[in-house]
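1. The sequence and its predicted three-dimensional model are supplied below.
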Amino acid sequence: MYQENTIDNLLAKLAAGTLTNEELAILIDWYNSLDDTQTVLPAAHQNTEAQLKARMYRQLMAKVRTKPKRSVLIRMMPYAAAILVVVLGVGYFWTGWPEKAAPVDPQAVQDIPPGRNRATLTLTDGRVIDLSEEQEGIIVGKGITTYADGSNVVDQAGLMVEGSIPERSQSATTYQLSTPRGGTYQITLPDGTRVWLNAGSLLTYPSRFEGERRIVELTGEAYFDVREQVSSSTGALWPFVVLSDGQQIEVLGTEFNVSAYPDDAETKTTLVTGRVRVGSNEGAILLQPGEQAQVSIGGLGLRVDPVDTELFVAWKSGKFHFRKTPLADVLKQVSRWYDVEVAYNGEIPEETFSGKIRRDVSLMGVLDILRLSAINVELKDRILIINQ
C-alpha cells in the first residue's frame with residue numbers, strides 16, 4: 001500500500017514534469033492498483049477517480065501544447081506515453097512524433113461523455129420500454145423478464161413484461177432489444193445464452209425457443225456466449241442460429257463476436273472458443289478458435305482469416321483496441337460509442353493507430369490522442385470535423 005504523502009509528491013512532480021523514470025514507474029503501478037472498493041484517493045486531490053484522471057491528463061497536455069519544439073516533445077515522450085497509460089488506460093504506440101500537436105481553439109472546446117447502459121425493449125404489441133440505465137442487462141426468465149438484480153422490468157403503466165412462456169401455453173412471441181448509438185446492454189435469453197449488445201445494435205429474439213433450432217436475428221454488433229442445450233424433441237444438441245444480412249451462423253455451444261453494422265462493407269464473425277459454421281450465398285465454412293469469417297454485405301465474398309480475437313472483442317470488456325487501424329475505422333467506432341457524426345474536410349488522413357483506450361473516458365480524451373498525432377480534429381454540434 002502506498003503512503004498518501006508519497007503519491008501526493010509524485011503527482012506534484014508529474015504536474016511539474018520532473019518525475020524520474022523510477023518515480024514514473026511507481027505512479028503507474030499505484031494508478032493501476034486502484035480499486036473503487038478498496039482504495040481511497042489522496043484527500044488533497046479531487047473527490048473522484050475520473051476527476052483526478054482528467055486533471056492529470058490535462059496538465060500534461062497543456063505542457064505538450066505550450067512547448068511545440070521537437071526536442072521538447074521527444075523529452076516529454078516518456079511522460080506522454082505514461083500518462084496515456086495512467087489516465088486513459090491506453091497502451092499507445094507512435095512511429096514518430098509530429099513537429100507539433102494539432103492546434104486547439106480553447107474557446108471551441110466542448111466534451112461529450114462516453115456511452116453507457118442504454119437500451120429499449122420493444123414488445124410484440126408495439127409497446128416500447130426504456131430500460132433502466134442503472135442496470136447492465138435483463139434476464140428472460142420463466143413467465144417474466146427481470147433485470148440482472150432480480151427487479152421486474154415494467155412498462156410505463158407499471159405492467160410486468162412477460163418472459164419465457166411455458167410450452168403448454170400460447171405460442172412464443174417476438175421481442176426486440178435495441179441499443180442506441182452511445183449505448184450498450186446485456187441480455188440472458190430463455191435458454192441461458194448470454195448476449196452483450198454494442199452501440200447501435202438490434203437483437204430480435206423469441207420469448208421461448210421452439211422447433212429444431214434456436215434462432216435470433218442481429219443488426220449491429222454483439223458478443224454471444226451460447227449455452228449448450230439438448231433438444232427436448234430430438235434428444236440431440238440444439239443448434240443456436242444467428243441471422244444477419246447475407247449470413248447465417250450456426251453453433252452448439254461457444255463464444256463468438258458478430259459485427260454486422262449496415263454501414264460496414266463486411267459482416268465479421270470472430271470465434272473465441274468452440275466451433276461455428278458460417279454460411280452465405282457463397283457456401284459455408286467451419287471456423288476454428290482464433291479465426292474470423294468475413295462476408296460482404298448481401299452474402300457475397302466469404303473468406304476466413306486468422307486474427308487476434310482480442311482486437312474484436314475488447315469492446316465487451318470496456319476498451320477500444322487498435323492495431324494498425326486506419327483513422328476512418330477508428331473514428332467509426334468512436335462515432336458509434338459517443339453518438340457523434342464524422343465529417344472530413346478534404347481527403348481522409350492515412351494515419352493508422354495501435355493501442356488500447358478505455359471506453360469510459362470522455363470524447364475529449366480520445367481527441368487529445370488524435371491531436372498528439374497531428375490529426376486536426378474539432379467538435380462542433382456533435383460532429384467531428386477532420387481537417388486536412
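-> Looks like it came in fine. Numbers count the residues shown, from 1 in each chain.
2. thought residue 273 was touching residue 289?
-> Yes: contact criterion Cβ atoms under 8 Å: residue 273 and residue 289 qualify, at 5.6 Å. For glycine as for every other residue, the C-beta is placed from the backbone atoms N, C-alpha and C.
3. Would you mind listing where the stretch 51-200 of the chain has pLDDT under the threshold?
-> 51-109, 143, 156-159, 162-170 (pLDDT under 70).
4. nearest residue to residue 387 other than its sequence neighbours?
-> residue 376 (4.2 Å; Cβ to Cβ, 6 or more residues apart in numbering).
5. same thing with residue 181?
-> Closest to residue 181 by Cβ to Cβ, 6+ apart is residue 339, at 4.1 Å.
6. Next, count neighbours for the residue nearest to residue 387.
-> 17 (other Cβ atoms under 10 Å).
7. just residue 132 next, same as before
-> Neighbours around residue 132, by other Cβ under 10 Å: 16.
8. Kindly report the same for residue 263.
-> 9.
9. So it: helix, strand or coil?
-> Look at residue 263: counting by DSSP: H, G, I helix; E, B strand; the rest coil, its state is coil.
10. Distance check, it against residue 329.
-> 12 Å (Cβ to Cβ, to the nearest Å).
11. quick one: strands adjacent to the biggest strand by length in the chain?
-> When the chain is parsed with DSSP state E, its longest strand is strand 214-225. Its sheet considered, strand 214-225 pairs with strand 194-197 (antiparallel), strand 201-206 (antiparallel), strand 240-244 (parallel), strand 255-260 (antiparallel) by DSSP bridges.
12. phi, psi of the residue nearest to the spatial centre of the chain?
-> When Cα atoms, centre = their mean is applied to the chain, the residue found nearest the centroid is residue 315 (3.0 Å). Phi and psi for residue 315, reported as degrees, to the nearest 10, are phi -60, psi -30.
13. go on, residue 172?
-> Here residue 172 shows phi and psi, under degrees, to the nearest 10, equal to phi -60, psi 150.
14. How many residues are close by it?
-> Neighbours around residue 172, by other Cβ under 10 Å: 18.
15. Could you give me the buried positions within the host helix or strand of residue 303?
-> Using DSSP states H and E, residue 303 falls within strand 300-306. Residues 302, 304 are the ones in strand 300-306 that count as buried (16 or more other Cβ atoms under 10 Å).
16. same thing with stretch 200-219?
-> Quick answer for stretch 200-219 (16+ other Cβ under 10 Å): 200-210, 214-219.
17. returning to what we had before: let me know whether the residue nearest to residue 181 touches residue 384 as I believe.
-> No: with contacts counted by Cβ under 8 Å, residue 339 stays clear of residue 384, the gap being 11.2 Å.
18. the more surrounded of the two?
-> Just comparing residue 339 and residue 384: by other Cβ under 10 Å the higher neighbour count belongs to residue 384, 22 against 19.
19. Mind putting the strands paired with strand 214-225 into TSV with distance to residue 23?
-> Formatted as TSV, the strands paired with strand 214-225 follow (distance: least, Cβ to Cβ, whole Å):
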stretch	distance to residue 23
strand 194-197	39
strand 201-206	44
strand 240-244	50
strand 255-260	40
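20. mind checking which of those is nearest residue 175?
-> strand 201-206 (6.0 Å; Cβ to Cβ).
21. avg pLDDT for the closest one?
-> Averaged over strand 201-206, pLDDT sits at 96.
22. just the CA coordinates of it, formatted as PDB?
-> What follows is strand 201-206, C-alpha atoms only, in PDB (Å, rounded to 0.1, in the frame of the first residue of the first chain):
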ATOM      1  CA  SER A 201     -27.400  -2.700 -32.400                       C
ATOM      2  CA  LEU A 202     -30.700  -4.600 -32.500                       C
ATOM      3  CA  LEU A 203     -31.400  -8.200 -31.400                       C
ATOM      4  CA  THR A 204     -34.600  -9.900 -32.300                       C
ATOM      5  CA  TYR A 205     -35.400 -12.900 -30.100                       C
ATOM      6  CA  PRO A 206     -38.400 -15.100 -29.100                       C
END
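23. How about stretch 171-181, which residues are buried there?
-> Applying 16+ other Cβ under 10 Å to stretch 171-181 flags 172, 175, 176, 177, 178, 179, 180, 181 as buried.
24. sorry, back to before: highest mean neighbour count across the strands paired with strand 214-225, which stretch is it?
-> strand 255-260 (a mean of 24; mean count of other Cβ atoms under 10 Å).
25. what about it, distance to the chain center?
-> Distance of strand 255-260 from the chain centroid (Cα atoms, centre = their mean, to the nearest Å) equals 13 Å.
26. next structured bit after that strand?
-> Next element after strand 255-260 (DSSP H and E): strand 266-273.
27. what angle sits between that following strand and strand 300-306?
-> Interaxial angle, strand 266-273 versus strand 300-306 (axes from the mean of the first three to the mean of the last three Cα atoms, to 10 degrees): 40 degrees.
28. quick one: strands adjacent to strand 266-273?
-> For strand 266-273, pairing defined by DSSP bridges yields strand 255-260 (antiparallel), strand 291-296 (antiparallel).
29. Give me the contacts around the first one.
-> Defining contact as Cβ atoms under 8 Å, 6 or more residues apart in numbering, one finds that strand 255-260 is touched by 198, 218-226, 242, 244-245, 247, 249, 267-274, 276, 287, 309, 312-313, 316.
30. just to revisit the earlier point, tell me the pLDDT of the residue nearest to residue 181.
-> 96.
31. where's it relative to residue 365, distance?
-> With the distance defined as Cβ to Cβ, residue 339 ends up 16 Å from residue 365.
32. The residue nearest to the centre of the chain - nearest residue in space that isn't next to it in sequence?
-> residue 198 (5.5 Å).
33. doesn't residue 219 make contact with the one you found?
-> No: with contacts counted by Cβ under 8 Å, residue 198 stays clear of residue 219, the gap being 11.2 Å.
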